[in-house]
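Undergrad: I'll drop the sequence and a predicted model, then ask my questions.
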Amino acid sequence: MAEETLAALRSLMASHFPPLDALVVPSEDYHQSEYVSARDARREFVSGFTGSAGLALITANEALLWTDGRYFLQAEQQLSNQWKLMRMGEDPVVDIWMADNLPSDAAIGVDPWCISVDTAQKWEHALAKKRQKLIQTTTNLVDEVWASRPPHEANPVVVHPLEFAGRSAEDKLKELREKLVQEKTRAIILTALDEVAWLYNIRGSDVSYNPVVHAFAIVTSAAAFFYVDKRKVSSEVSSYLEKNGIEVRDYGEVSSDAALLASDQLTSAHSAKETANVISKAGSDNSAEKSSNDLIWVDPGTCCFALYSKLNLDKVFLRSSPLALAKALKNPVEIEGLKNAHIRDGAAVVQYLVWLDKQMQVIYGASGYFMESETNRKDQLRTAKLTEVSVSDKLEEFRASKEHFRGLSFPTISSVGPNGAIIHYSPEAETCAELDPNSMYLFDSGAQYLDGTTDITRTVHFGNPTSHEKACYTAVLKGHIDLGNARFPNGTTGHILDVLARVPLWKNGLDYRHGTGHGIGSYLNVHEGPHQISFRPAARNVPLQPTMTVTDEPGYYEDGNFGIRLENVLIIKEADTKFNFGDKGYLAFEHITWAPYQRKLMDLSLLVPEEIQWLNNYHSRCREILAPYLNASELEWLKKATEPIVG
């Protein structure tokens, strides 16, 4: 199949005008999304690689796939021999590879809707050295050969109630328009799905696990537009949008409206009255303000090259969207909702561990969550079995029983033994592994609740862990604790803090190939910027600020053996420090995830008294917070799992 697809694409490349020497197939959709709908999974279709991050490049003789360290092992397993894996951070980046390996004057095709302004401009600069050109294809060539491409779905748009959103769309639009005036711009084009959803307080189900709607938005000083498949908008939602001065237009109209916006001809039925009011209030000064505020705001990281190309490029204000930060700074209602969602989610995780502990003992004769001994094998008598998929389905059942549950926030990573070393492993029912009482088990999972999004990882062992496994687990735990306990001055970025989670691993010559923390949405995407805790340069861009959420998730992965990761969601808050050097003010983290760490996997000789004290305090809080959500036997298990550690 992969060979046929490549042959068909190469035929289209040869017949294209001009003929294409290479075709780029990005992972992203028209909104530069990390996670895309099945219909937009073009890179997955051509390559067979299912990871969320990657880029395919097809030439007349080669097919290459770039991905990052989270997916090296997975890509090696999924790519056919038609493909060559390019490891980000080790191999040349794609634009340098194209410049060095494609002929002079080469034509490289790409769908301009699936590439950001930043990326397109970076590539054009690299390619110019050899007079190579980036060609914007008028159609997506992958779509032309994808006979079984999933159809459009008309999933309904829903209003996200104020009781969960905490701020009205009217209030958010007012703040955005103030930002436009402040930056001397007259309009902004919004393309990121979670930003459109957050701004207008709407949600949907167009992308699995992400409660977003395929939509664009354009906001001016007097108008707001919502570009969406109108079949998705009910009369109730239409009425809500109209009350907030938001005009609904067809999804495809965003292209022509961007051109109208560029020539200052974009008008709205809602805006005529408001425009008259603005003019009457501003008087003779309005024309001067209009002439000086002639720029259109575009986020170069999220806006597609196709829309950018519709504008007068000398009148574009290229800067990160102001909504990225506004969305990341949670309001009090969102913070309270996130805390409540994580409590219910923690109860579900504990119920799952109680169930799994019992099943591992009954079915496999495992010593269990608490005891260390050899497994009492029951292979000959066993009629039932547990698999990575069957147990993750059970975890979803526990979550689904909780108030405000709306689905998972990403595909559950449920991985046994060697599969745990595949950082973003996604088990399939047909091929997944059976649970093994003598192997590590890692589960990274989360849910979407109306009042918040969750993400938690725990690693456990139901048999007799080796001293090496304990040492590695403890190193990860130490880094997890050290980062979570950090205090730092205002202005500190996640790039600076990332090292705290790695130092205990580095002492033993160990490390991990992914970032340490990402923001998390409020009933939105599980990965949310603009801040992050990471070694990657982008983590320098935005300082950590109070009311932001961020995960704390160091890990260690030993190919062919096991994987370890521990993850909590934290909220950044002001810290109460004895001194205040430089009058900067200091910040700290508050854990809002509640589930025990497995005592059996800890090497206590590697923990210092302060770390043991932190664990005891955290476990005490777990018991106190989760008790009302557990039955008697579940609470008894939790009490045992959180007994004070005597160092």
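TA: All right, it came through fine. Residues are numbered from 1 along each chain as shown.

Undergrad: OK, contacts around Asp482?
TA: With contacts taken as C-beta atoms under 8 Å, 6 or more residues apart in numbering, Asp482 has the following neighbours: 500-501, 503-504. Any C-beta I mention is one placed from the backbone N, CA and C, and that applies to glycine too.

Undergrad: for those, which one is nearest Glu558?
TA: Within the set of the contacts of Asp482, Pro504 lies nearest Glu558; the separation is 16.0 Å, counting by C-beta to C-beta.

Undergrad: assign that closest one to helix, strand or coil.
TA: Secondary structure of Pro504, reduced to three states by DSSP: H, G, I helix; E, B strand; the rest coil: helix.

Undergrad: isn't it right next to Cys472, touching?
TA: No - with contact defined as C-beta atoms under 8 Å, Pro504 does not reach Cys472; the gap is 10.2 Å.

Undergrad: quickly note the distance from Gly484 to Gly407.
TA: Noted for Gly484: a distance of 28 Å to Gly407, by C-beta to C-beta, to the nearest Å.

Undergrad: so those two - more neighbours on which side?
TA: Neighbours per residue (other C-beta atoms under 10 Å) separate Gly484 from Gly407, with Gly484 holding more: 19 against 15.

Undergrad: the more buried one against Leu570, yeah?
TA: Yes - using C-beta under 8 Å as the test, Gly484 is close enough to Leu570 to be in contact (6.3 Å).

Undergrad: quick check: neighbours shared by the two?
TA: By the contact definition C-beta under 8 Å, 6+ apart, Gly484 and Leu570 are jointly contacted by 552, 589, 591.

Undergrad: which of the residues you listed count as buried?
TA: Of the members of these, the ones counted as buried by neighbours, 16 or more other C-beta atoms under 10 Å, are 552, 589, 591.

Undergrad: I'd guessed the second one sits against Phe488; true?
TA: No - distance between Phe589 and Phe488: 9.4 Å, which falls outside the contact criterion (C-beta under 8 Å).

Undergrad: now Ile202, nearest residue through space, not along the chain?
TA: In space, not counting the residues next to it along the chain, Ile202 is nearest to Val157; the distance is 5.4 Å by C-beta to C-beta, 6 or more residues apart in numbering.

Undergrad: tell me the phi and psi of that neighbour?
TA: Here the main-chain torsion angles of Val157 (degrees, to the nearest 10) amount to phi -80, psi 140.

Undergrad: equivalent analysis for Val416, please.
TA: phi -110, psi 140.

Undergrad: for Asp299, same thing?
TA: Main-chain dihedrals, Asp299, degrees, to the nearest 10: phi -80, psi 110.

Undergrad: got a list of what it touches?
TA: Taking C-beta under 8 Å, 6+ apart as the test, what Asp299 contacts is 190-192, 318-321, 324.

Undergrad: from the residues you listed, which land in strands?
TA: 190, 318 (DSSP state E).

Undergrad: could you dump the buried ones among the shared contacts of Gly484 and Leu570 to JSON lines with secondary structure and pLDDT?
TA: What follows is these, written out as JSON lines (DSSP: H, G, I helix; E, B strand; the rest coil; pLDDT from 0 to 100):
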{"residue": "Asp552", "secondary structure": "strand", "pLDDT": "98"}
{"residue": "Phe589", "secondary structure": "strand", "pLDDT": "98"}
{"residue": "His591", "secondary structure": "strand", "pLDDT": "98"}
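
Undergrad: can I get those in a markdown table with distance to Val248?
TA: Putting these into a markdown table (distance: C-beta to C-beta, whole Å) gives the following:
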| residue | distance to Val248 |
| --- | --- |
| Asp552 | 41 |
| Phe589 | 41 |
| His591 | 41 |
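
Undergrad: how about low-confidence regions in the stretch 51-200 of the chain?
TA: Counting by pLDDT under 70, not a single residue of the stretch 51-200 of the chain qualifies.

Undergrad: how about the strands in it?
TA: Under the criterion DSSP state E, counting those that start in this stretch, strands of the stretch 51-200 of the chain are mapped to 55-59, 63-67, 84-87, 107-110, 133-136, 158-159, 185-190.

Undergrad: also the stretch 451-600 of the chain?
TA: Using DSSP E, counting those that start in this stretch, strands in the stretch 451-600 of the chain cover 452-453, 456-461, 487-489, 517-519, 528-533, 549-552, 555-558, 562-565, 568-574, 586-591.

Undergrad: can you say which of those is nearest to Gly509?
TA: Checked against C-beta to C-beta, the stretch from these lying closest is strand 555-558, at 11.1 Å.

Undergrad: buried sites along that closest one?
TA: In strand 555-558, the ones that count as buried by 16+ other C-beta under 10 Å are 555-558.

Undergrad: just stretch 19-34 next, same as before
TA: Going through stretch 19-34 with 16+ other C-beta under 10 Å, the ones that come out buried are 20-34.

Undergrad: same question for stretch 533-541.
TA: Of the residues in stretch 533-541, those scored as buried under the neighbour-count criterion (16+ other C-beta under 10 Å) are 533-535, 538-539.

Undergrad: ends of that stretch, what's the gap?
TA: In terms of C-alpha to C-alpha, to the nearest Å, the two terminal residues of stretch 533-541 are separated by 11 Å.

Undergrad: give me the low-pLDDT residue ranges for the protein?
TA: If you take pLDDT under 70 as the line, the chain has these spans: 1, 270-292, 375, 377-382, 647.

Undergrad: name the single longest helix found in it.
TA: Residue-count comparison of every helix in the chain, with assignments taken from DSSP state H, identifies helix 332-364 as the longest.

Undergrad: which strands or helices does that one pack on?
TA: Counting by 3 or more C-beta pairs under 8 Å, 6 or more residues apart in numbering; DSSP states H and E, the packing neighbours recorded for helix 332-364 are helix 162-165, helix 388-400, strand 447-449, strand 452-453, strand 456-461, strand 568-574, helix 609-626, helix 632-641.

Undergrad: mean neighbour count and distance to Lys243 for these - can I get that in TSV?
TA: Below are the helices and strands packed on helix 332-364 laid out as TSV (neighbours: other C-beta atoms under 10 Å; distance: least, C-beta to C-beta, whole Å):
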stretch	mean neighbour count	distance to Lys243
helix 162-165	17	13
helix 388-400	19	33
strand 447-449	27	26
strand 452-453	30	26
strand 456-461	23	38
strand 568-574	21	32
helix 609-626	16	39
helix 632-641	16	46
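
Undergrad: okay, the ones you listed in TSV with distance to Ile363 next?
TA: Supplementary listing: the helices and strands packed on helix 332-364 in TSV, determined by distance: least, C-beta to C-beta, whole Å:
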stretch	distance to Ile363
helix 162-165	40
helix 388-400	11
strand 447-449	26
strand 452-453	33
strand 456-461	16
strand 568-574	30
helix 609-626	26
helix 632-641	18
